[in-house]
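Asks: heads up, no residue letters with this:
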């Protein structure tokens, strides 16, 4: 049995199977990306925060655009070379295509890695700080290392724990193991506070499952968990049977009535059951002696002054230590959102900014803001000189300018502003090559240093929302990562297919060059589609 | 494809080398990782029926909770669970709200995505389509195999979540955010939460149906036999073609929504999470906010509505094949049915927001969607009317498949007609999210679509196995099913109109006024209809018993059913009946050519009562030539 029309087109449709299939596949891909682009429009139109316009580095994106367009051309040349039966040319052009794909992904990777390292914070007053967190240091500016020799990022919540209460059902094994290791490292002991006693057999006596003073281990928790599960199952079965019996009696007593008329009178006789019940141990409490300082990621813990709760329902009794978020290098201060919120309430922008936590508490922010005001004045003057003023109905010039600075220019000090600030007021110098590198890798904190990108410490209680520049930061980054990430996967997938033809195509070529040409054509169609998606994604994500 | 495809140029058919493949592919390749469309079709069919049974079981538990919210689940229904599972998900043996939600969400998901679509499109489409167009197999047999396995993996992932700490998904089959974005939020490793597994499973299912639909459409376009012109395609194939396009174009937006919801869950993004979200358990959510729950609904229903037709068209397709065979008369209005199904397919893409009238979309938008929704009833009614008229004046054989086909028409009719009021946004105010909606679409899906598919099973069973299914057992299956279906779903329409909400896990008990003179007006209304719950639940459990004869019939007839007399036992005209029984690898043993339309029954110029598509025309004798011209509507070019 052989499937027809694999190499030779069917006469009436004029198509081979794979060509129909790839067009259908591309149609569905259009619908998929159409879904994402619609989501982009929907989210942007409905955004209740200042949409980050033109916030991505354009240069690498632009290079990537031309790289992809170029590869779309070379893939056609590769196909044409096969049609003309020039194997060598095919190899060259296909090689260039795959190399372009690799270059694209490298640039994309750089762009992503910069984002993943970049922290942002929204305060309760809606002012936004962006920058580089860095790692915790001691007084001598040496990095502090944790148990495993890793540096500790300036974003951890510290709790000095003296008591841990685990949920027997829900404890997260990895976290328990981490705590045990941490305690060992600190030469502390985590041991059971009180003996865990339970009735484990129907009508039996209370037995000790774990003695007070036993050391915390996952096995111990597992043991208690098993006892709990057995007790729960046993008790539930008993209660179910009791309820069934109660219903049998109730039905006899209430003939001809609907259930709902007497359902509240049907109950389990808890007292009669009590002697048969097993003990359901739900928590296990441990003492940490001496108290150990644990570090948690903010998302894993709901902190409280003396008692905190982890996401696996572990309760940690102990003092919450000051855990501010410390930017070693602040590279953007953004009041756009704060101004937006203030204007909704009718508060003038200047007042709102003046009263913000940052301006009230940080001299550096005040200094930068004052400098920024002079910049804005210069910008206004420049715009007025270039674009002039509006005319009224009689043709006379008013003092209303044709162009005014945008909200972003007015209320955001970005990293390029800070760089200028450093250069103009602090005398920081940077070579041209280093500046060019910044276009790809973001601000150069080391070279520009503390004078340009200042340290800023924000107490935890001022923070409303904090995230790296990941999908968690806002819906713009969410859609940016989703579209470009999925597009990147398509680039990788397409490049792998084309690479396969390049490396293993020789055999196909020798057997039937037309067959390979068909496959390259189909692969090339997909490659053009990948290019097309980028042509749409680039302007909406980078330029608009 | 293998290398010698290169030598295969210019052939319009490929059966000349049929006999050359005598090598045994081995048990695993033949029955498990098979690339033969018939085996894959059967794999789809069996898997889908198992999922249907599981989904049915979930519903039986839910019906207990609705009818007897205060009584423990009886042992005959809960013996499958372990004691630990019961202690976790039942409260003193009673179904809890969480468990009900979980079962409800999974009942919907399983029935729609894992049961009916794979049975209608995957099983029937795979088995019958290549046979009916005279193809040796699907255009991409390996892709076909992958499609099945991805479907199975997706289904297993979804169902495995029943046994995880979080339990399975519990935010309804529609999985609306922000509810679905929050559910299972307490789980530390979000990849192991039921709600996340649902999304991963869904992405697998979408991938599977994408591969399937590309394969189907390519096959239908390019692998038709000689002479199989477009208007000679059986209606079944047309329906599959349209279904393929619906799957191809409607599923990707849901995939986009699924990926975004996955990002919300594991990447903590806020695609569908609005600003300032506050929950009782967690307080103010630690999220960026700024997303839109409505966006999810739009993307979901952009799939959701075409999906209804993905469910429906294969069933209509089966019925459209069964009716002409058993009335010995051409399908009435074949061409108008074809055009209707094409228009139906198109319109189904622009009606989605009628599921969202209550979202405050504004009168301009809802008027548009009302209009398109009313418009789409026109092609549906044309199709159903054409099938009804096809019965007129026929000599109906009440064979087992025909019983189901005959019941399909009125049952689907009730389902369709009860949908008309729902097309209007004003009515939505009253009926939105009530049992009326549940009654409406279950009339379409259960006694409608499932009856159509039962007709298909009985119709093609002799071709698949070489044996008939038992008539007696079929009667024991059919009549109770027909009665029970109406006992279950008709009271839903009544309850719905009195305001019963579709997601009450205790059947309205919580709203009840227990005293007749209560000032709780709504409670008094609930009181009037609440006892219907018990009737409906009894019907549901009886329906389960009614399926037992079918299962016995399906299994036993394979071995001991009455053998078919020849390869074309029903005296049908379409190409699948010209193959050996069962068809071997490569399907046809002769050079397939098609000479006429698909439903040439009772032609006056023909000595048999059917004139199959594959029979070469005989040279006319003088006597025949003098007869008046054929008036059949199916006479083709």
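Replies: Received, thanks. What you are looking at is a predicted structure, and each value in this text was computed from that prediction instead of being measured.
Asks: Quick check, the residue in the stretch 1-150 of chain A closest to chain B?
Replies: The minimum distance from the stretch 1-150 of chain A to chain B, using C-beta to the nearest C-beta, falls at residue A:35 (3.0 Å). No exception for glycine: its C-beta is placed from N, CA and C like everyone else's.
Asks: my guess is that residue meets residue B:251, correct?
Replies: No. At 10.1 Å, residue A:35 does not count as touching residue B:251 under the criterion of C-beta atoms under 8 Å.
Asks: Pick out whichever of those two has more residues nearby.
Replies: Shown here are residue A:35 and residue B:251; by other C-beta atoms under 10 Å in any protein chain shown, residue B:251 has more neighbours (27 against 24).
Asks: Tell me which other helices or strands whichever strand or helix holds that one touches.
Replies: Assessed by DSSP states H and E, residue B:251 sits inside helix B:235-266. In terms of contacts (3 or more C-beta pairs under 8 Å, 6 or more residues apart in numbering or on different chains; DSSP states H and E), helix B:235-266 is packed against helix A:17-45, helix A:475-511, helix B:126-133, helix B:179-182, helix B:194-222, helix B:293-327, helix B:334-347.
Asks: what distance separates it from the centre of its chain?
Replies: 14 Å (C-alpha atoms, centre = their mean, to the nearest Å).
Asks: List the buried residues of it.
Replies: B:235-265 (16 or more other C-beta atoms under 10 Å in any protein chain shown).
Asks: residues in contact with the nearest residue to residue A:321 once chain neighbours are set aside?
Replies: Counting by C-beta to C-beta, 6 or more residues apart in numbering or on different chains, residue A:321 lies nearest to residue A:158, which is 4.1 Å off, once chain neighbours are set aside. Residue A:158 makes contact with A:293, A:294, A:295, A:320, A:321, A:322, A:323, according to C-beta atoms under 8 Å, 6 or more residues apart in numbering or on different chains.
Asks: Residue A:158 looks like it's in a helix, true?
Replies: No. Residue state for residue A:158 (DSSP: H, G, I helix; E, B strand; the rest coil) corresponds to strand; a helix is not indicated.
Asks: and the residue of the stretch 101-250 of chain A found nearest chain B, what does it touch?
Replies: Distances between the stretch 101-250 of chain A and chain B by C-beta to the nearest C-beta are smallest at residue A:240, namely 3.1 Å. For residue A:240, the contact set (C-beta under 8 Å, 6+ apart) comprises B:72, B:86, B:90, B:92, B:93.
Asks: now the fourth one: how far from chain A?
Replies: It refers to residue B:92. To chain A, residue B:92 is 5 Å away according to C-beta to the nearest C-beta, to the nearest Å.
Asks: what's the domain layout of the chain?
Replies: Picking chain A for this. Here the domain assignment for chain A is A:17-118+A:475-543, A:157-322, A:327-468, based on automatic domain parsing.
Asks: other chain: chain B
Replies: B:26-232, B:564-637.
Asks: Could you list the residues of the stretch 51-200 of chain B in contact with chain A?
Replies: B:68-72, B:82-84, B:86-88, B:90, B:92-94, B:136-137, B:139-141, B:165, B:186, B:188-189 (C-beta under 8 Å from any C-beta of the partner chain).
Asks: helices or strands up against the helix or strand harbouring residue A:332?
Replies: For residue A:332, the host element (DSSP H and E) is strand A:329-334. Counting by 3+ C-beta pairs under 8 Å, 6+ apart, the packing neighbours recorded for strand A:329-334 are strand A:128-132, helix A:363-387, strand A:412-413, helix A:415-425, helix A:445-452.
Asks: just so I know, which of these lies nearest residue B:545?
Replies: strand A:128-132 (64.1 Å; C-beta to C-beta).
Asks: just to revisit the earlier point, can you convert the helices and strands packed on strand A:329-334 into TSV and add a column each for mean neighbour count, distance to chain B and mean pLDDT?
Replies: Listed next are the helices and strands packed on strand A:329-334 as TSV, based on neighbours: other C-beta atoms under 10 Å in any protein chain shown; distance: least, C-beta to the nearest C-beta, whole Å; pLDDT from 0 to 100:
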stretch	mean neighbour count	distance to chain B	mean pLDDT
strand A:128-132	22	11	96
helix A:363-387	14	23	95
strand A:412-413	22	18	96
helix A:415-425	18	21	93
helix A:445-452	16	25	90
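Asks: Distance to residue B:160 for those - can I get that in a markdown table?
Replies: As requested, those are exported to a markdown table (distance: least, C-beta to C-beta, whole Å):
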| stretch | distance to residue B:160 |
| --- | --- |
| strand A:128-132 | 42 |
| helix A:363-387 | 52 |
| strand A:412-413 | 48 |
| helix A:415-425 | 47 |
| helix A:445-452 | 47 |
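Asks: I'd like to know which of those is closest to residue B:546.
Replies: Across these, closest to residue B:546 is strand A:128-132 (C-beta to C-beta), at 63.8 Å.
Asks: Go ahead and name everything in contact with the closest one.
Replies: By C-beta under 8 Å, 6+ apart, strand A:128-132 touches A:117-123, A:327-338, A:358, A:445, A:453, A:456, A:458, A:469.
Asks: Spatially nearest residue to residue 526, not counting backbone neighbours?
Replies: Unless you meant another one, I'm taking chain A. Nearest residue to residue A:526 in three dimensions, chain neighbours excluded: residue A:494, at 5.3 Å (C-beta to C-beta, 6+ apart).
Asks: my bad, chain B
Replies: Excluding the flanking residues, the one nearest residue B:526 by C-beta to C-beta, 6+ apart is residue B:508, at 4.6 Å.
Asks: before we move on, back to that, tell me which helix or strand comes right after the helix holding residue B:251.
Replies: Past helix B:235-266, the next helix or strand by DSSP H and E is strand B:278-279.
Asks: what's downstream of that following strand, the next helix or strand?
Replies: strand B:283-284.
Asks: Now do the phi/psi pair for the residue of the stretch 1-150 of chain B found nearest chain A.
Replies: Scanning the stretch 1-150 of chain B for the residue nearest chain A gives residue B:93, at 3.1 Å (criterion: C-beta to the nearest C-beta). When read as degrees, to the nearest 10, the backbone of residue B:93 gives phi 90, psi -10.
Asks: since we're on it, how many residues are nearby?
Replies: 21.
Asks: Where do the strands of the stretch 51-200 of chain B begin and end?
Replies: B:90-91, B:94-95 (DSSP state E, counting those that start in this stretch).
Asks: Of these, which stretch is the most buried?
Replies: Highest mean neighbour count of the strands of the stretch 51-200 of chain B: strand B:94-95, a mean of 22 (counted as mean count of other C-beta atoms under 10 Å in any protein chain shown).
Asks: Quickly run through the sheet partners of that one, with directions.
Replies: Applying DSSP bridges to the sheet, strand B:94-95 is found paired with strand B:90-91 (antiparallel).
Asks: Could you tell me how far the partner strand lies from the centre of the chain?
Replies: Taking mean C-alpha positions (C-alpha atoms, centre = their mean), strand B:90-91 and its chain are 33 Å apart.
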